[in-house]
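Participant: Structure for the following, please:
(one chain, ligands or ions: 1)
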Amino acid sequence: MLSTRLSTAATAAFAMALDPELRPATKPEFGHFQTNLALRLAKPLGLAPRAIAAKLVEHLQVDDLCLPPSIAGPGFVNLELRTDVLADGVNAGVSFPPRGERVVVDYSQPNVAKQMHVGHLRSTVIGDALCNVLSYVGYEVIRQNHVGDWGTQFGMLVEQLLDEDPKQSLDLDSLQGLYQRSRVHFDSSPEFADRSRARVVALQSGDPETRALWQRMVDVSLTEFERLYARLGTGLTPADVVGESAYNNELPNVVDELTAAGLLTESGGALCAFLPGFTGRDGSPLPVIVRKSDGGFGYSATDLAAVRHRVRDLHARRIIYVVDQRQALHFRQIFALASAAGWLPSTTTAEHVGFGTVLGENGKPFKTRSGDTVRLATLLDAAVERAAALLDERAGSLDGDARAEIARAVGIGAVKYADLSSDRVNDYVFALDRMVAMTGNTGPYLQYAHARLTKLLAKAGTTPGAVTVLESPVEQRLALQLAAFGSTVEQVAETLQPHRLCGYLFELATTLSAFYESCPVLTSDGETRASRLALCAATRRVLADGLGLLGITAPDSM
Ligand code: ARG
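Facilitator: Numbers count the residues shown, from 1 in each chain. Here you go, the predicted structure:
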């Protein structure tokens, strides 16, 4: 709003349209916002910056929002919001009307017959946060859990199961063992390899016995995934599972349409698309393999069918893929090919939300000492245990059940927050000590800020009303930050970077601490007390909503 007013003033004064690049003031005595527009105009206009600033201010109409603007130093224009405007900004709260637009979010995507690993944890946590944020700003969100439940490995798995004992009891662990044995078997026995290949064909063409065995493996895996989802508290439900297998019947037609469009080339028996601009380091063209030489379809064919389905049947305006950064090339190729085929029109944007690798404390990809994938359940247990120890230190007066519940919220919240708080494209080190700490940019720090506010508000004994008095600079800063919640969330929906919301919440909690130090709440009187309580209530709400958007529970006490 202020930016627009400044642009209008610049146009009126100098017939120039320029972005005022409004910045938060560096010191309270400079007001709330500052622009160096006059300094930037000095050269093109050939005038002294202070003279330009004066003319700008002359044309600036902001009486309804600000105190009279002032000119400082070499020609900065300082703006100070009126306190009633600041108060309104807090009291109004945030709400977004529905946009009438759909966004499909492809996330979590574990693989059947394998344990979920930390990469799947990242996808689940980031994907959940983005779904929450997108729906908050008015999108209609459709979650798609693109489970890896299809492909040649299932031929081996089914064949191995038949060779051993098809009635053996299965869980995810024994499935993983079965998978490893089938691999060894496949590599050592050409006869088994042949049977496995025939079995894939049987599976893909719907042979009932094969399908039933495959379905059992899928069910066993999904049951365990669901258990983990429940612990994590994700927004994913079984209805969101639309695995790779769901596109099986579409695959021949995908090939037909691509062929008709002249996009496929035969190469060594496989059907490939060679797209302009995709070359390897040595300059050789990089193909998208749509159908393999054995006639089977792979990961790319499935993803092409999925894009088409999401645009054509789900009417997505945005399609978001929360997948490891290492698949960036795959998605660029899929998007390019889908566009070329006309399945991804310019009215739908497809975005790969990539993320970095989770590292162990040794700086290498996170694995157990023996090199196996770390069990997510074990990891979450450890986090919750740490959180319980943290709560013990604080000598809380809570009883067992309530404490266990809070430890769960704090432990899981800490892991999620650590994942979300750094720029997602970066790798990060999984260090529980730092994640489950009460100080620094951590989940527990924010949860504590929320719990402390809850306690304060309960003590106050009145229902908070509206913010009316904002005298101290810290109060004003807090109000200013609270009013920025909506635009921050909007920015996250735009950039798909949850760490911006984390940064915002951390700054808010830091300002809250400064506010406690200089502005007594419960011991103040009259309107000041009422207004400060309202400010506290608004801060509590933003912390709870913000954490909620990140998928983190905010307990009332800690
Ligand atoms: N299941 C795959 C994996 O674990 C990720 C799938 C990502 N989604 C997609 N539409 N390709 O690596």
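Participant: Please count neighbours and contacts with C-alpha atoms only from this point.
Facilitator: Fine.
Participant: any idea which residue sits dead centre in the chain?
Facilitator: Centrality entry for the chain: nearest residue to the mean C-alpha point is Ile126, 3.3 Å, by C-alpha atoms, centre = their mean.
Participant: That one: which element?
Facilitator: For Ile126, the host element (DSSP states H and E) is helix 118-136.
Participant: And the strands in the stretch 101-250 of the chain?
Facilitator: 102-106, 140-144 (DSSP state E, counting those that start in this stretch).
Participant: The stretch 251-400 of the chain now?
Facilitator: Under DSSP E, counting those that start in this stretch, the stretch 251-400 of the chain gives strands at 265-267, 270-279, 285-291, 318-324, 349-355, 358-359.
Participant: Same list (those strands) but as JSON lines, adding distance to the ligand, mean pLDDT and mean neighbour count.
Facilitator: JSON lines is the format used below for the strands of the stretch 251-400 of the chain (distance: least, C-alpha to the nearest ligand atom, whole Å; pLDDT from 0 to 100; neighbours: other C-alpha atoms under 10 Å):
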{"stretch": "strand 265-267", "distance to the ligand": "23", "mean pLDDT": "95", "mean neighbour count": "14"}
{"stretch": "strand 270-279", "distance to the ligand": "18", "mean pLDDT": "95", "mean neighbour count": "17"}
{"stretch": "strand 285-291", "distance to the ligand": "14", "mean pLDDT": "95", "mean neighbour count": "20"}
{"stretch": "strand 318-324", "distance to the ligand": "5", "mean pLDDT": "98", "mean neighbour count": "22"}
{"stretch": "strand 349-355", "distance to the ligand": "10", "mean pLDDT": "98", "mean neighbour count": "20"}
{"stretch": "strand 358-359", "distance to the ligand": "14", "mean pLDDT": "96", "mean neighbour count": "20"}
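Participant: Contacts for stretch 16-35, please.
Facilitator: 3, 6-8, 10-11, 36-37, 76-81, 473 (C-alpha atoms under 8 Å, 6 or more residues apart in numbering).
Participant: Please repeat the previous calculation with a cut-off of 7 Å.
Facilitator: 3, 6-7, 10-11, 37, 76-81, 473 (C-alpha atoms under 7 Å, 6 or more residues apart in numbering).
Participant: wait, which of those residues is closest to the ligand?
Facilitator: Ser3 (40.3 Å; C-alpha to the nearest ligand atom).
Participant: Enumerate the residues of the protein near the ligand.
Facilitator: Gln109, Pro110, Asn111, His146, Val147, Gly148, Asp303, Val323 (C-alpha under 6 Å from any ligand atom).
Participant: Mind doing that once more with 8 Å?
Facilitator: 106-111, 119-120, 145-148, 299-300, 302-303, 306, 321-324, 331 (C-alpha under 8 Å from any ligand atom).
Participant: so which of the strands of the stretch 251-400 of the chain comes closest to Lys167?
Facilitator: strand 285-291 (33.7 Å; C-alpha to C-alpha).
Participant: Going by contacts, tell me the helices and strands next to that closest one.
Facilitator: strand 270-279, helix 299-312 (3 or more C-alpha pairs under 7 Å, 6 or more residues apart in numbering; DSSP states H and E).
Participant: quick one: it to chain centroid distance?
Facilitator: 30 Å (C-alpha atoms, centre = their mean, to the nearest Å).
Participant: Tell me which residues are up against that strand.
Facilitator: 270-274, 278-280, 297-298, 300-301, 333.
Participant: Just put those residues in a markdown table and tack on distance to Ala538.
Facilitator: Converted to a markdown table, these look like this (distance: C-alpha to C-alpha, whole Å):
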| residue | distance to Ala538 |
| --- | --- |
| Ala270 | 61 |
| Leu271 | 59 |
| Cys272 | 57 |
| Ala273 | 55 |
| Phe274 | 55 |
| Phe278 | 51 |
| Thr279 | 53 |
| Gly280 | 54 |
| Phe297 | 54 |
| Gly298 | 51 |
| Ser300 | 48 |
| Ala301 | 49 |
| Gln333 | 46 |
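Participant: Could you single out the nearest of the residues you listed to Thr468?
Facilitator: Gln333 (55.4 Å).
Participant: how close does the closest one sit to the ligand?
Facilitator: Distance, Gln333 to the ligand, using C-alpha to the nearest ligand atom, to the nearest Å: 12 Å.
Participant: Not counting sequence-adjacent ones, nearest residue to that residue?
Facilitator: Leaving out its chain neighbours, the residue that sits closest to Gln333 by C-alpha to C-alpha, 6 or more residues apart in numbering is Val288, at 6.9 Å.
Participant: residues in contact with His315?
Facilitator: So His315 contacts Arg102 (C-alpha under 7 Å, 6+ apart).
Participant: Provide the backbone phi and psi angles at it.
Facilitator: phi 60, psi 50 (degrees, to the nearest 10).
Participant: Could you check which residue of the stretch 451-558 of the chain lies nearest the ligand?
Facilitator: For the stretch 451-558 of the chain, C-alpha to the nearest ligand atom, closest residue to the ligand: Leu496, 16.7 Å.
Participant: Around that residue, count how many other residues there are.
Facilitator: 24 (other C-alpha atoms under 10 Å).
Participant: cool, and the one 10 residues further on?
Facilitator: For Phe506, the neighbour count with other C-alpha under 10 Å is 21.
Participant: hang on, it packs against Asn441?
Facilitator: Yes: when contacts are counted by C-alpha atoms under 7 Å, Phe506 is listed as touching Asn441 (6.0 Å).
Participant: what do those two both touch?
Facilitator: What both Phe506 and Asn441 touch, as defined by C-alpha under 7 Å, 6+ apart, is an empty set.
Participant: Which residue, neighbours along the chain excluded, lies closest to the residue nearest to the centre of the chain?
Facilitator: Leu420 (6.6 Å).
Participant: just the CA coordinates of the helix or strand containing that neighbour, formatted as PDB?
Facilitator: Per DSSP H and E, Leu420 falls inside helix 400-421. Only the C-alpha atoms of helix 400-421 are listed here, as PDB (Å, rounded to 0.1, in the frame of the first residue of the first chain):
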ATOM      1  CA  GLY A 400       2.200 -38.500  33.100                       C
ATOM      2  CA  ASP A 401      -0.300 -38.600  30.200                       C
ATOM      3  CA  ALA A 402      -0.200 -34.900  29.600                       C
ATOM      4  CA  ARG A 403       3.600 -34.900  29.700                       C
ATOM      5  CA  ALA A 404       3.800 -37.800  27.300                       C
ATOM      6  CA  GLU A 405       1.500 -35.900  24.900                       C
ATOM      7  CA  ILE A 406       3.600 -32.700  25.200                       C
ATOM      8  CA  ALA A 407       6.900 -34.600  24.800                       C
ATOM      9  CA  ARG A 408       5.500 -36.100  21.600                       C
ATOM     10  CA  ALA A 409       4.500 -32.700  20.200                       C
ATOM     11  CA  VAL A 410       7.900 -31.200  21.100                       C
ATOM     12  CA  GLY A 411      10.000 -34.100  19.800                       C
ATOM     13  CA  ILE A 412       8.200 -34.500  16.500                       C
ATOM     14  CA  GLY A 413       7.800 -30.700  16.200                       C
ATOM     15  CA  ALA A 414      11.600 -30.300  16.700                       C
ATOM     16  CA  VAL A 415      12.400 -32.700  13.900                       C
ATOM     17  CA  LYS A 416       9.900 -31.100  11.500                       C
ATOM     18  CA  TYR A 417      11.000 -27.600  12.300                       C
ATOM     19  CA  ALA A 418      14.600 -28.400  11.800                       C
ATOM     20  CA  ASP A 419      13.800 -29.800   8.400                       C
ATOM     21  CA  LEU A 420      11.700 -26.800   7.400                       C
ATOM     22  CA  SER A 421      13.800 -24.000   8.800                       C
END
